[in-house]
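Trainee: model this:
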Amino acid sequence: MLWWKAIHIIAVISWMAGLLYLFRLFVYHNEEKENVVKERFQMMERKLLNIITTPAGILSVVSGIMMMTYQLAYYFSQKWFHLKLALVVLLLGMHRFAFYLMKKLATTPNPYKKAHLRILNEVPTLLMILIVLLVVLKPF
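Mentor: Got it, this is the predicted structure:
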């Protein structure tokens, strides 16, 4: 169990670091005017998403499931855990949405207003904060 917990913590840190940086790259990419710089952003986004963020996200989910199996009845009887799972599903949705954004930014010049991507940039952070608070405080 402790090994799975350690793996989970490491994977979640890597996953979140990747998502937080990725959405920041989208902000910079959307504002860029020069094609050569846009191409560099596309390469950075693709590598970050495919080599670091997605494998870390998969490992986070797998290790989380492995930890749940040790006390399945306990976790599913806790309301805070249901909310945590819902927030994790939203975080997975943000991860999936990153693939869409990456493709859109690669095919359409400056498809978003500055404010849209700047707001989206904050969503993974907010989800992470709420998840951590639920896990640590177990408020209900």
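
Trainee: secondary structure element for the spatially most central residue of the chain?
Mentor: Nearest residue to the geometric centre of the chain (CA atoms, centre = their mean): residue 19, 4.4 Å. Per DSSP states H and E: residue 19 is located in helix 2-31.

Trainee: ok, residue 103 next?
Mentor: Assigned by DSSP H and E, residue 103 falls in helix 79-107.

Trainee: and that helix with helix 2-31, angle?
Mentor: With axes from the mean of the first three to the mean of the last three CA atoms, to 10 degrees defining the directions, helix 79-107 sits at 40 degrees from helix 2-31.

Trainee: just to revisit the earlier point, chain center to whatever helix or strand comes next after the helix holding residue 19: distance?
Mentor: Note on helix 2-31: by DSSP H and E, the next helix or strand toward the C-terminus is helix 35-47. Centroid separation for helix 35-47 versus its chain: 20 Å, with CA atoms, centre = their mean, to the nearest Å.

Trainee: check stretch 94-105 too.
Mentor: Stretch 94-105 has its C-alpha centroid displaced from the chain centroid by 11 Å (CA atoms, centre = their mean).

Trainee: please save the CA atoms from it in CSV.
Mentor: Extracted as CSV, the C-alpha positions of stretch 94-105 are listed here (Å, rounded to 0.1, in the frame of the first residue of the first chain):
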residue,chain,number,x,y,z
MET,A,94,-9.2,19.0,-18.8
HIS,A,95,-6.4,16.6,-19.8
ARG,A,96,-8.5,15.4,-22.7
PHE,A,97,-9.4,19.0,-23.6
ALA,A,98,-5.7,19.8,-23.8
PHE,A,99,-5.4,17.5,-26.8
TYR,A,100,-8.2,19.4,-28.5
LEU,A,101,-6.6,22.8,-27.7
MET,A,102,-3.2,21.6,-29.0
LYS,A,103,-4.8,20.5,-32.3
LYS,A,104,-6.8,23.7,-32.6
LEU,A,105,-3.8,25.9,-31.9
